[in-house]
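1. take a look and give me a structure for this.
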Amino acid sequence: MSSSSPMDYSKARQYILDRMEKELPRDLLYHKLEHSLDVLAAAERIASAEDICGKDLELLKTAALFHDSGFIYQYKCNEKVACEIARQSLPEFGYASGDIEKICGMIMATSIPQGPKNLLEKILCDADLDYLGRDDFEGIAETLRREMKLHGREFTDEEWLAFQLDFLEMHSYFTQSAKKMRDAKKQENIDRLRKKC
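-> Numbering: from 1, shown residues only. From the prediction side, this is the model:
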């Protein structure tokens, strides 16, 4: 792309929000549009604390919005599909191929188990699981449980408790900012789950 067509984040944002609103399956109770907007807000918070600005911030915000767009087409391995959507659509909005690959790196890093290789990837991974260290953790986790049931993975209450505890205890935030913002509350959430065992 020549410098005559700069990256248009706001148009890319509108494009993917419109598509997800219309095309995401209705049985996504957790991975719905609101989750992507929540991840975007968390990514912006962490980025601000980590002094990310300018073009890097726009690439991060684009990755946050696109990271779950693959659910439009499939439930499993949706990250690869999200990257395909990004590669097909973002050139229209002035994104250079190198920038799109950075975005795809961030999207792929959110695949569980997370494997970020640079700061932007770490920020998106932390934003994607921001809720683990928040007051609304239990309500959000319940939507994930209901979604998983609709997709063939059902848990008894005991199994769900064990699954959540295991996930929370294995998880750690990658950025210092997310650790500062969320670790204490995440530990409270772990302690509350342990009391239910």
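2. tally of neighbours for residue 179?
-> For residue 179, the neighbour count with other CB atoms under 10 Å is 15. From N, CA and C alone the C-beta is placed, and that goes for glycine too.
3. that one contacts residue 173, doesn't it?
-> Yes: taking contacts as CB atoms under 8 Å, residue 179 lies within contact range of residue 173: 4.8 Å.
4. from residue 10, how far out is residue 158?
-> For residue 158, the distance to residue 10 equals 47 Å [CB to CB, to the nearest Å].
5. what residue ranges in this protein score low on pLDDT?
-> Low-confidence segments of the chain, defined by pLDDT under 70: 1-4.
6. and the longest helix for it?
-> helix 176-196 (DSSP state H).
7. burial check on residue 168, number of neighbours?
-> 20.
8. kindly report the same for residue 172.
-> Residue 172: 13 neighbours (other CB under 10 Å).
9. same thing with residue 76?
-> For residue 76, using other CB under 10 Å, the count is 10.
10. just the element for it, please.
-> According to DSSP states H and E, residue 76 maps onto no helix or strand at all.
11. which residue ranges of the chain form helices?
-> Using DSSP H, helices in the chain cover 9-23, 33-49, 54-66, 78-89, 97-109, 119-128, 137-150, 157-170, 176-196.
12. residue 126: what's it in contact with?
-> 42, 46, 173, 174, 175, 177, 178, 182 (CB atoms under 8 Å, 6 or more residues apart in numbering).
13. kindly indicate the member of the residues you listed with the most neighbours.
-> In terms of neighbour count, residue 46 stands highest of those at 28 neighbours, by other CB under 10 Å.
14. quick check: that one touching residue 123?
-> Yes: here residue 46 reaches residue 123: they are 4.9 Å apart, a contact under CB under 8 Å.
15. what touches both of the two?
-> Common neighbours of residue 46 and residue 123 (CB under 8 Å, 6+ apart) are 175, 178.
16. and residue 115, how many neighbours?
-> There are 11 residues near residue 115, going by other CB under 10 Å.
17. how close does the nearest residue to it once chain neighbours are set aside get to residue 60?
-> Nearest non-adjacent residue to residue 115, counting by CB to CB, 6 or more residues apart in numbering: residue 109, 5.7 Å away. Per CB to CB, residue 109 is found 12 Å from residue 60.
18. what do the two both touch?
-> residue 124.
19. how far away is the most centrally placed residue in the chain from residue 119?
-> Nearest residue to the geometric centre of the chain (CA atoms, centre = their mean): residue 128, 3.2 Å. Per CB to CB, residue 128 is found 15 Å from residue 119.
20. what's the answer for residue 40, then?
-> 17 Å.
21. what of residue 50?
-> In terms of CB to CB, residue 50 sits 7 Å off from residue 119.
22. looking at those two, which one has more neighbours?
-> Set side by side, residue 50 and residue 119 show more neighbours around residue 50, with 20 against 17, by other CB under 10 Å.
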